[in-house]
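> Fold the following, please.
(chains A and B)
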Amino acid sequence: MTQSYFELFGIKPAFNIDLAILESHYRKIQSESHPDRFVNAMSAEKLKSMQMATLANEAYQTLKKPASRARYLLELQGITAISETNTAMPADFLMQQMEWREALEDAKATKDIAAVDNLLNEIKQEAKSLNSDLISLIDEKQDYGSATDATRKLIFIDKVCADINKVIEQIEN
Amino acid sequence: MALLQISEPGMSAAPHQHRLAVGIDLGTTNSLVATVRSGLSSVLPDEHGHTLLPSVVHYAADHMIEVGFDAQKKQNLDPHNTIVSAKRFMGRGLKDIDASELPYKFIEATGAPQTTMLQIETRAGVKSPVEISAEILKVLKARAETALGGELVGAVITVPAYFDDAQRQATKDAARLAGLNVLRLLNEPTAAAVAYGLDNASEGTYVIYDLGGGTFDISILKLTKGVFEVLATNGDSALGGDDFDQRIFCWILETAKLSPRNAKDTRLLLTKAREAKEWLTEHAEANISCMLSDGEFVDLTLSTNEFIALTCNLVQKTLSPIRKAMRDASLTIEDINGIVMVGGATRMPQIRKTVAEYFKQAPLTNLDPDKVVALGAAIQANILAGNKSDADLLLLDVIPLSLGLETFGGLAEKVIHRNSTLPVARAQEFTTYKDGQTAMSIHVVQGERELVSDCRSLARFELRGIPPMVAGAARIRVTFTVDADGLLSVSARETTSNIEANITVKPSYGLSEDEITNMLKASFNSAEADKKARMLTEARVDAGAIIEAVTAALTADAALISLKEKQAIEAEMQRLQAIASADNADAINQAVEALNHATEAFAAARMDASVKRALSGKELNSLDL
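This is a model prediction of the structure:
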């Protein structure tokens, strides 16, 4: 399959995409390719259906979330945003990350749900501003170097959010 | 001999003919079968008009097997040989369950070394939960075939959304053992949503709260134009109405100061506990009175308030999975358009009240919570059987628990995350850590915890024949594939060398082909000849199905391929047709395989064309590509 995920859904490769169109085209492709549609079909078609439905799921999940969409757009440019040899991060962002982690540890120790919620909101604000940066960097300026930095930040923010959700779970139980 | 009668999808049926298909809710406490007739889904009753079949199997002294109400009557008299709630043991080992309060003689499995499913010793021999469940399915199959007047093309069988791979595989094996062609394993909450959604023509985001006899599921679905997309699912596969009975049972023992009881008394008191629970749904207090085997008389009164206090933490226990599912779907309670209650246990007022308080809205209860799962499964079965070719209903379900691999230090590395939409496939690369290493051991687990020992072990296998290389040079690509039934298969390949070690692994807890054959044999006391007959029948069924499918595809889309390609396919089809009437199963299977191979390019062309067609609406034209 040499087709890109964007081509699969018939949309222009860009960071700023219309999620409603993505969703509707994803549904259309699943309606045509899902294994439920091929229960009585030729074996070769069952296999093809399994492959296509799997690809559509993978492609949809990748394009739906900003961090993975940005990462995928960079991949199409031949840039690997996160690799074992390439994890450099600006010092100020590292400082900010450490502050978030410390705040999370404090909230965890004191079981302070409100503090965790505040932290989550603060981080989501940061993610939002990175999203608008990426629209400009990728779609308008094609500045893939700066876009790579912003994408890395976004990926790290996703990880912090996942950890925050784990802490919320622990506090709730 | 009913087991040998394998349905023949399409072999004789004309294309327009209605294919008989059913939905089966294989429940912990009760099971049901439903079908779609004249466009309406309805539950099929037995000859006495009962729609529910108690999920109880009694192995009687005279080699008879009783299922349902007859078996239920025996549970107090013959508890060791009367199995209730077998679903709780599906795909489970002895260490997974609390056997102390149960009247059965459990034994560890004696079959293949890796099979760990528990078994129960009965008068009729050692029975696995799969065999016990198959007895229930056989009765429902017979009920449906009598009511519908013909053999079934297939069935959709429902499973709790939170069932892991071992429990799903066990359910599918049980259906096979009962002679049912499984069209799809369908998650119970999704089935309920289908019944509800179609009835109410709803759009929006819905929560399905499904508390059955032994399992609890929560699913959050987005309904848009006939597409049911599961956003997140969670639950507890060992929490259900049975646990409420258990609480009352313990309360009886404590209040009446009874010493530990024998199996008959235990069963009797559990029955009384269940009756009290049901009574309290509409009454302020319940009387519990009965005579025990040693002549002691129990006479107690349980009030609603006491019952609520006894079971309060069980009700609370359902809230944690709800919160997790809401977080996984990134939703808040304001986003929820409605809550659907499923399962008999949701009749308990304290549950409805707790759910209403949590979501700040009253749950929907206008469909019978006992029937809604079977009704939804029947609708899906009708579509999958091909009775509605232009169906606009599509179910997109998810995997409930993450799949992973054991890495150094006993840690689990997740490969497929929970709530990924099915079907899903993901590959992971491994390398050797010693020079000249030619084999490696791979351990597949399911669960959310970090330690392998806290997850469920699904399969262990060894990859052999890796070409000797320096440490770290080999590249072994292990691919996990989870199909639309939620069932896993694993394959592995060494990618750097020309030598290809390609294997496909069936997880180890499932029944092997030999075990299934042996069970089938044992169940109708026949010999090798029957096995051959079965294989021949199966081969002919496959041949008939593929000929029908290819013919239909050629009629619709022959224009997509060259005349030469078309002729090649037709030649293979004619060869298969000629061989299908002979008595050689192997030859038929080979011809089927050859026809499959000949249609690969045609299948790809058809898929591409239909996807292009789907996206060629006006939305696409408005984009500049």
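> Can you report phi and psi for whichever residue of the stretch 101-250 of chain B sits closest to chain A?
Nearest to chain A in the stretch 101-250 of chain B, going by Cβ to the nearest Cβ, is B:Val227, at a distance of 5.1 Å. Backbone N, C-alpha and C define where each C-beta goes, glycine included. Backbone torsions of B:Val227, given as degrees, to the nearest 10, read phi -100, psi 120.
> Next, count neighbours for B:Arg464.
Applying other Cβ atoms under 10 Å in any protein chain shown, we find 10 residues neighbouring B:Arg464.
> Relative to B:Pro423, how far out is the closest residue to B:Asp370 other than its chain neighbours?
Nearest residue to B:Asp370, sequence neighbours excluded (Cβ to Cβ, 6 or more residues apart in numbering or on different chains): B:Gly344, at 5.1 Å. Distance, B:Gly344 to B:Pro423, by Cβ to Cβ, to the nearest Å: 32 Å.
> Look at the two and report which has more neighbours.
More crowded of B:Gly344 and B:Pro423, by other Cβ under 10 Å: B:Pro423, with 25 against 21.
> from what I can see that one touches A:Ala53, true?
Yes. Here B:Pro423 reaches A:Ala53: they are 5.3 Å apart, a contact under Cβ atoms under 8 Å.
> wait, isn't B:Ala178 in contact with B:Glu131?
No. B:Ala178 is not in contact with B:Glu131 according to Cβ under 8 Å; the separation is 9.7 Å.
> and chain B, what are its domains?
Domain assignment for chain B, taken from automatic domain parsing, gives B:19-200+B:368-391, B:241-314, B:403-513, B:527-614.
> Please identify the most buried of those domains.
Stretch with highest mean neighbour count among the domains of chain B: domain B:19-200+B:368-391 (a mean of 21; mean count of other Cβ atoms under 10 Å in any protein chain shown).
> which ones are touching the closest residue to B:His18 other than its chain neighbours?
Leaving aside its sequence neighbours, B:His18 sits nearest to B:Asn387 (Cβ to Cβ, 6+ apart; 5.9 Å). B:Asn387 sits next to B:18-19, B:21, B:36 when contact means Cβ atoms under 8 Å, 6 or more residues apart in numbering or on different chains.
> Return the member of those residues nearest to B:Val592.
B:Arg19 (20.8 Å; Cβ to Cβ).
> which element is that closest one on?
Using DSSP states H and E, no element contains B:Arg19; it sits outside every helix and strand.
> what about the helices in chain A?
Remark: helices assigned in chain A by DSSP state H are A:5-8, A:19-33, A:43-64, A:66-76, A:91-110, A:113-134, A:144-172.
> can you redo those helices as JSON lines with distance to chain B and mean neighbour count?
Below are those laid out as JSON lines (distance: least, Cβ to the nearest Cβ, whole Å; neighbours: other Cβ atoms under 10 Å in any protein chain shown):
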{"stretch": "helix A:5-8", "distance to chain B": "8", "mean neighbour count": "19"}
{"stretch": "helix A:19-33", "distance to chain B": "4", "mean neighbour count": "19"}
{"stretch": "helix A:43-64", "distance to chain B": "4", "mean neighbour count": "21"}
{"stretch": "helix A:66-76", "distance to chain B": "12", "mean neighbour count": "20"}
{"stretch": "helix A:91-110", "distance to chain B": "16", "mean neighbour count": "14"}
{"stretch": "helix A:113-134", "distance to chain B": "11", "mean neighbour count": "15"}
{"stretch": "helix A:144-172", "distance to chain B": "6", "mean neighbour count": "17"}
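> Any chance of these in a markdown table with mean pLDDT as columns?
Putting the helices of chain A into a markdown table (pLDDT from 0 to 100) gives the following:
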| stretch | mean pLDDT |
| --- | --- |
| helix A:5-8 | 95 |
| helix A:19-33 | 94 |
| helix A:43-64 | 94 |
| helix A:66-76 | 95 |
| helix A:91-110 | 86 |
| helix A:113-134 | 90 |
| helix A:144-172 | 88 |
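> And chain A, what are its domain boundaries?
Using automatic domain parsing, chain A is parsed into the domains A:5-64, A:91-172.
> Contact residues of the stretch 351-500 of chain B facing chain A?
Near chain A, the residues belonging to the stretch 351-500 of chain B are B:380, B:383-386, B:392, B:394-396, B:420-425, B:481, B:483-484 when assessed by Cβ under 8 Å from any Cβ of the partner chain.
> Narrow these to those in helices?
Checking these against DSSP H, those in helices are B:380, B:383-384.
> wait, isn't B:Ala21 in contact with B:Glu151?
No. Counting by Cβ under 8 Å, B:Ala21 stays clear of B:Glu151, with 10.8 Å between them.
> who's B:Val478 bridged to?
With DSSP bridges as the criterion, B:Val478 is bridged to B:Gln428, B:Ala492.
> just checking, it touches B:Ser441?
No. Using Cβ under 8 Å, B:Val478 makes no contact with B:Ser441, being 11.8 Å away.
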